[in-house]
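Enquirer: model the structure of this input:
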Amino acid sequence: MCIMIEIAVVGGGPAGSHCAYCLAASSLYPVIFDHTHPREKPCGGLVTPFAQRLFPFLKKLPIKHGEKSKLHLISPSGRQARLSTRKSKIRTFSRLKFDQFLVNMAVDKGAELIKEKVIALGRRKDFWEVETTRQSYRVKILIGADGVNSLVRRSTIGPLSKMDKGVCCGYLVRGLEKEDITIRFLAHRKGYMWVIPRDDHTSLGIGACEASRSYGLRRELDMFIEQQYPHAEIISKWTALIPNVKNSKTLKIPLAGHNWILIGDAAGHVSPTSGEGIMYALLDGELAAQAVVENNPETYNEFWKEAYGTSLFIDVKLRKVLYTRPGLELYCKFLKLQNTLHF
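Expert: Numbering: from 1, shown residues only. Prediction:
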């Protein structure tokens, strides 16, 4: 027996949870399928001043967090730049606490969370057949917020190519919470290393934007920690894939059809220079909900391009020069022109 659902959101991270919240706020009550969230994630958990201006509720989150007013950038040649925020500070959150709050917001507004893993999707003319580890469902509108290896994406437009993915690894550590937020760009990796203090621990990691440049990734990070932060206490370690779009043609592929939408990491909407994804996830969730409320999911294709498409396209182009001698200076100018810290 199949259970009928009007709107299903696959994935309960920031994109999926915020989309579900916005839908519920418009009296459309979706079901979120996610068997893993909330969970701690290895990413930095940065919420920039720009993101706080776009989403004022981020300034009032009743959960512990770190706050920093400076961002330290280091180029491959060792050149350094410090960017300072004026009014709002950069906030850094544990992703476990941050994601839990967003899921709770959605559920409190009327969305339903089903902790089941979606294992198969069947596409029909007017609905989707969604199979989980426990049950089968028929869904009228399907929203994919299920990450870099999105099943919804594979079932609609095909997976992100290997070229448009990056490899990261790192640690959650204690003892570096007084350090500045630091991003060190690595030419030999076409990637970066980061130190991002949170409330009571720090995210410390390294990313290679191309799988072919990921050999010895953890060893390089271990040597860096041994040299720079030998007193750091390691809590846990991780390895992960992230979206890292390198071909602007990827961003031109439609991300919505008459009864489906892709958002967040599933859409590939992550800064290819810094790895920033939370801001894009929240924007995507809001824009996707708007398209569904207007009963025209395909308008999401235009909504996200109008909202931040130009910025993301420029970011893709910029990563090609970021690792050259003048790259850091150009990147800092880009951030200032955008009147935001993308990190």
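Enquirer: end to end on stretch 300-315, go ahead and measure it.
Expert: With C-alpha to C-alpha, to the nearest Å as the measure, the first residue of stretch 300-315 is 21 Å from its last.
Enquirer: could you shift the numbering so residue one becomes 619, and keep it that way?
Expert: Will do, 619 is the new start, and the previous item becomes stretch 918-933.
Enquirer: tell me the buried residues in that stretch?
Expert: 918-919, 921-923, 925-927, 930, 933 (16 or more other C-beta atoms under 10 Å). Glycine gets a C-beta too; all of them are placed from N, C-alpha and C.
Enquirer: residues in contact with that stretch?
Expert: Stretch 918-933 has contacts (C-beta atoms under 8 Å, 6 or more residues apart in numbering) with 866, 869, 872-874, 879, 885, 887, 889-891, 898, 901-902, 905-906, 908-909, 952, 956, 960.
Enquirer: which stretches of the stretch 769-918 of the chain form strands?
Expert: With DSSP state E, counting those that start in this stretch as the criterion, the stretch 769-918 of the chain has strands at 783-792, 799-804, 809-815, 820-826, 851-861, 874-875, 878-880.
Enquirer: from those strands, which stretch is densest packed?
Expert: Comparing the strands of the stretch 769-918 of the chain by mean neighbour count (mean count of other C-beta atoms under 10 Å), strand 878-880 comes out on top with a mean of 27.
Enquirer: tell me which residue lies nearest the centroid of the protein.
Expert: residue 895 (2.9 Å; C-alpha atoms, centre = their mean).
Enquirer: how close does the closest residue to it other than its chain neighbours get to residue 831?
Expert: Residue nearest to residue 895 in three dimensions, not counting chain neighbours: residue 888, with 4.2 Å by C-beta to C-beta, 6 or more residues apart in numbering. Distance of residue 888 to residue 831, computed by C-beta to C-beta, to the nearest Å: 18 Å.
Enquirer: between these two, which one's more packed in?
Expert: Between residue 888 and residue 831, residue 888 has the larger neighbour count (other C-beta atoms under 10 Å), namely 26 against 17.
Enquirer: list the residues that contact that one.
Expert: By C-beta under 8 Å, 6+ apart, residue 888 lies in contact with 860-863, 894-895, 898.
Enquirer: from those, which is closest to residue 841?
Expert: Of all these, residue 841 sits closest to residue 860, with 22.4 Å by C-beta to C-beta.
Enquirer: skip the chain neighbours and tell me the closest residue to residue 699.
Expert: Once flanking residues are discounted, residue 699 sits nearest to residue 691: 4.7 Å by C-beta to C-beta, 6+ apart.
Enquirer: secondary structure class of that neighbour, three-state.
Expert: Classification of residue 691 by DSSP: H, G, I helix; E, B strand; the rest coil places it in strand.
Enquirer: isn't it up against residue 700?
Expert: Yes: contact criterion C-beta atoms under 8 Å: residue 691 and residue 700 qualify, at 7.5 Å.
Enquirer: neighbour-wise, which of those two wins?
Expert: Set residue 691 next to residue 700 and count neighbours by other C-beta under 10 Å: residue 691 wins out with 21 against 11.
Enquirer: what's the pLDDT at the more buried one?
Expert: Confidence at residue 691, expressed as pLDDT, is 85.
Enquirer: and it, how far from residue 803?
Expert: From residue 691 to residue 803 the distance is 7 Å (C-beta to C-beta).
Enquirer: what of residue 740?
Expert: Computed as C-beta to C-beta, the residue 740 to residue 803 distance reads 44 Å.
Enquirer: just the buried residues out of the contacts of stretch 918-933, in PyMOL syntax.
Expert: Selection command for PyMOL covering only the buried members of the contacts of stretch 918-933, criterion 16+ other C-beta under 10 Å:
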select buried, resi 869+873+874+879+885+887+889+890+891+898+901+902+905+906+908+909+952+960
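Enquirer: for the stretch 719-868 of the chain, just list every one of the helices.
Expert: Listed in chain order, the helices of the stretch 719-868 of the chain (DSSP state H, counting those that start in this stretch) span 769-774, 835-846.
Enquirer: what comes up buried for the first one?
Expert: Taking 16+ other C-beta under 10 Å as the neighbour-count basis, helix 769-774 is seen to contain the buried residues 769-771, 773-774.
Enquirer: repeat that for the last one.
Expert: Judged by neighbour count (16+ other C-beta under 10 Å), helix 835-846 contains these buried residues: 835, 838-840, 843.
Enquirer: hmm, who's touching stretch 714-723?
Expert: Stretch 714-723 is contacted from outside by 630-632, 635-636, 639, 650, 655-659, 663, 679-682, 731, using C-beta under 8 Å, 6+ apart.
Enquirer: neighbours around residue 751, how many?
Expert: Residue 751, neighbours per other C-beta under 10 Å, totals 9.
Enquirer: thought it was touching residue 735?
Expert: Yes: here residue 751 reaches residue 735: they are 5.0 Å apart, a contact under C-beta under 8 Å.
Enquirer: overlap in contacts of these two?
Expert: Joint contacts of residue 751 and residue 735 (C-beta under 8 Å, 6+ apart) are residue 653.
Enquirer: any weak-confidence spans in the stretch 619-768 of the chain?
Expert: Where the stretch 619-768 of the chain drops to pLDDT under 70, the residues are 660.
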